[in-house]
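Student: Structure of the sequence below:
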Amino acid sequence: MTASGLQQLESGELVNALPPASMLQEYRIDQVLGAGAFGITYRGTDTHLSIPVAIKEFLPGDLVHRGPTGQLALNAEEHRKVFRWARERFIGEAQVLAQFRHQNIVRASRYFTANGTAYIVMDYAEGSSLFGCSDWHGQDPDERRLIKIIRQILEGLKEVHRKKYLHLDIKPGNIYLRTDDTAMLIDFGAARMEIGQSTEEIVNLVTPGYSPPEQYNPHSSLGPPADIYALGATLYRLIGENRPLSAKKRLAGFQAHGHDPLIPAIERGCNRFSLQLLEMIDTMLILDVGARIQTIDQVLELLPGTVHQPTTASPSPRATVQHKVVFAGPSGAGKTTLVHTLSDIPAVTTDVNAGDITLKRKDETLVAMDYGLMELGNGERLHLYGAPGQERFDFTWEILRNGALGLVLLIDNSGRDPFADLDLFLHTFGEFIADAGLVIGVTRMDLRSSPTIEDYYEHLKTRGQLPCLPPVLTVDARDKQDVAMLVQALLISIDPGVED
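Tutor: Okay, here's the model as predicted:
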């Protein structure tokens, strides 16, 4: 089976699941496969195609519960804003996850909304998580088989990191083993972009024993070493009977007694596993993030059985490529702010004093373009062009979109008629969108919460003129992580090979 969220809780906890035979659009619920703090995963059947599927339901038990009709209800009214925020991120992650084409990463094929929440549909394959697999209980695993499985997970994780994403919840229950012994990484419910700082909303998204110390700190920067620690903790669990001590307890013990209370893997697995494997695990579990292994390639080099072949470094085929993205939308949607937020150089703008109806929304208006530049690394650059929002300057729109990879369309949710603005720009840029990528960012939802993200999707479905629904995300144009996610979603949807 495949499933983001296909996990079996070590505590055995279950949530208020949908009953068997329940229908979600064309999908029939057959049984519960696993549950977690933020969702539940079912085995289902696509009644149109008569094939099995895995369906993950977004259900954060701390915020909502299921009512008698199957609809989710808030546990408290003050949870509404957090629930909506988290549900939108759940949908956004599903859209990005669907772009991965890697045999060692779970693949989402569809998402939809129902029952006041969201669902992700994935392929189904027989198998079990490493936590649920009886092969790993009460006996030492075969080291060669273990290394083979971990190497596959490392290859999948390498692809995740290449896209500048982090998994942030690696553990035995989130490594899935198909019946042919091929492995894949599942449950990206905690996944987030590497860019920026962690936030208060995700401070409690930790799994004791597997999460690194920096994941407990809402102000700590997170990067690939966080996933490397969790994978090291997973290996530590698989070579013994218990999960490692939590990072919090390890730090407390070190501060109180001057030494790390965790029994090193090199002692725990002595005479049962190779010294090379045990030393690698201990290096992955170093508390100091700076002293820990930093990249998946470094882990692969330390993995026993790795064949080291001398290679001559060659430049990336995209190393000198200059990418271009256009930001469009009505006046006041936040295009100028967004370009300034993203740009690694002082952004250029062509604002002049507003002298018409635009003055009611802003003091200045864009008449030609905004320009900024993002350095993507490896010599790649992303040129950022903000287009004027007023139709009287539409002669610049065709000029700016020439040669662009795609369009980021910003819509002001507090505007007079956001859907009319959306339709205008989708129509105007229709031919361009047909050949390029599109992502929609909705701004100022803090000023007006309606229409919701779900309303935008329903409007796009009703409109029915796009070959597929683009990502629609809430965005604060002043927040670098928000706007970076817009660009990230666009680049991945256009070309999964773009070096991010």
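
Student: Which positions within the lengthiest helix in the chain qualify as buried?
Tutor: The residue-count maximum for a helix in the chain (DSSP state H) belongs to helix 143-162. Neighbour-count burial for helix 143-162, counted by 16 or more other C-beta atoms under 10 Å, picks out 143, 146-147, 149-161. From N, CA and C alone the C-beta is placed, and that goes for glycine too.

Student: Give the next helix or strand downstream of it.
Tutor: strand 165-166 (DSSP states H and E).

Student: and that next one, which strands flank it?
Tutor: Strand 165-166 pairs in its sheet with strand 192-193 (antiparallel), by DSSP bridges.

Student: and of the buried residues of helix 143-162, the nearest to L235?
Tutor: I150 (6.6 Å; C-beta to C-beta).

Student: give the contact list for that closest one.
Tutor: Contact analysis of I150 by C-beta atoms under 8 Å, 6 or more residues apart in numbering lists 183, 231, 235, 303.

Student: what's the distance between E267 and E88?
Tutor: To E88, E267 is 46 Å away according to C-beta to C-beta, to the nearest Å.

Student: swap in D62?
Tutor: According to C-beta to C-beta, D62 stands 17 Å off from E88.

Student: more neighbours, the two?
Tutor: Ranked by neighbour count (other C-beta atoms under 10 Å), D62 and E88 place E88 first, with 19 against 12.

Student: next structured bit after the host helix or strand of the more buried one?
Tutor: For E88, the element it lies in under DSSP H and E is helix 80-97. Counting by DSSP H and E, the next helix or strand C-terminal to helix 80-97 is strand 108-114.

Student: For that next one, list every residue counted as buried.
Tutor: 108, 111-113.

Student: ditto for stretch 278-297
Tutor: Neighbour-count burial for stretch 278-297, counted by 16+ other C-beta under 10 Å, picks out 278, 280-287, 289, 292-293, 296.

Student: Please work out how many residues are found near G305.
Tutor: Using other C-beta under 10 Å, G305 has 12 neighbouring residues.

Student: need the contact list for the nearest residue to it once chain neighbours are set aside.
Tutor: In space, G305 comes closest to I147 once its chain neighbours are excluded; the distance is 5.6 Å by C-beta to C-beta, 6 or more residues apart in numbering. Neighbouring residues of I147 by C-beta under 8 Å, 6+ apart: 277, 303-305.

Student: rerun at 7 Å
Tutor: Applying C-beta atoms under 7 Å, 6 or more residues apart in numbering to I147 gives the contacts 303-305.

Student: Please report how far it lies from K81.
Tutor: From I147 over to K81 the distance is 46 Å, taken as C-beta to C-beta.

Student: again, but for N115
Tutor: 19 Å.

Student: Same question for R144.
Tutor: Separation of R144 from K81 (C-beta to C-beta): 51 Å.

Student: related to what we said a few turns ago, for the contacts of I147, which one is nearest A420?
Tutor: L303 (56.4 Å).

Student: From A114, how far off is the closest one?
Tutor: Counting by C-beta to C-beta - L303 and A114 are separated by 43 Å.

Student: before we move on, what about N217?
Tutor: Going from N217 to A114 by C-beta to C-beta gives 36 Å.

Student: Pop the domain breakdown of this structure in here.
Tutor: What automatic domain parsing lists as the domains of the chain is 23-123, 128-302, 322-494.

Student: Would you convert those into JSON lines that also reports mean pLDDT and distance to N16?
Tutor: As requested, these are exported to JSON lines (pLDDT from 0 to 100; distance: least, C-beta to C-beta, whole Å):
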{"stretch": "domain 23-123", "mean pLDDT": "86", "distance to N16": "4"}
{"stretch": "domain 128-302", "mean pLDDT": "83", "distance to N16": "18"}
{"stretch": "domain 322-494", "mean pLDDT": "78", "distance to N16": "22"}
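
Student: Output those domains as CSV; include the columns distance to A17.
Tutor: Formatted as CSV, the domains of the chain follow (distance: least, C-beta to C-beta, whole Å):
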stretch, distance to A17
domain 23-123, 5
domain 128-302, 16
domain 322-494, 23
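
Student: And for R110, nearest residue in space, chain neighbours not counted?
Tutor: Nearest non-adjacent residue to R110, counting by C-beta to C-beta, 6+ apart: V121, 4.3 Å away.

Student: what's the burial count for that neighbour?
Tutor: 23.

Student: again with G232
Tutor: 26.

Student: That one is in what secondary structure piece?
Tutor: Residue-wise, G232 maps onto helix 224-238 under DSSP H and E.

Student: ok, back up a step: each with direction, which strands does the helix or strand harbouring the residue nearest to R110 pair with?
Tutor: Applying DSSP H and E as the criterion places V121 in strand 117-123. The strands beside strand 117-123 in its sheet (DSSP bridges) come out as strand 51-58 (antiparallel), strand 108-114 (antiparallel).

Student: before we move on, the earlier item: report the distance from the helix holding E88 to the chain centre.
Tutor: Relative to its chain's centre, helix 80-97 lies at 10 Å (C-alpha atoms, centre = their mean, to the nearest Å).

Student: quick one, it and strand 51-58 angle?
Tutor: Counting by axes from the mean of the first three to the mean of the last three C-alpha atoms, to 10 degrees, helix 80-97 lies at 140 degrees to strand 51-58.

Student: other SSEs contacting helix 80-97?
Tutor: Applying 3 or more C-beta pairs under 7 Å, 6 or more residues apart in numbering; DSSP states H and E, we find helix 80-97 packed against strand 108-114, strand 117-123, strand 472-474, helix 480-494.

Student: Out of the ones you listed, which is closest to E454?
Tutor: Per C-beta to C-beta, nearest to E454 of the helices and strands packed on helix 80-97: strand 108-114, 5.4 Å.

Student: Contacts for the closest one next, please.
Tutor: Applying C-beta under 7 Å, 6+ apart, the contact partners of strand 108-114 are 4, 24-25, 91, 94, 97-98, 118-123, 454.
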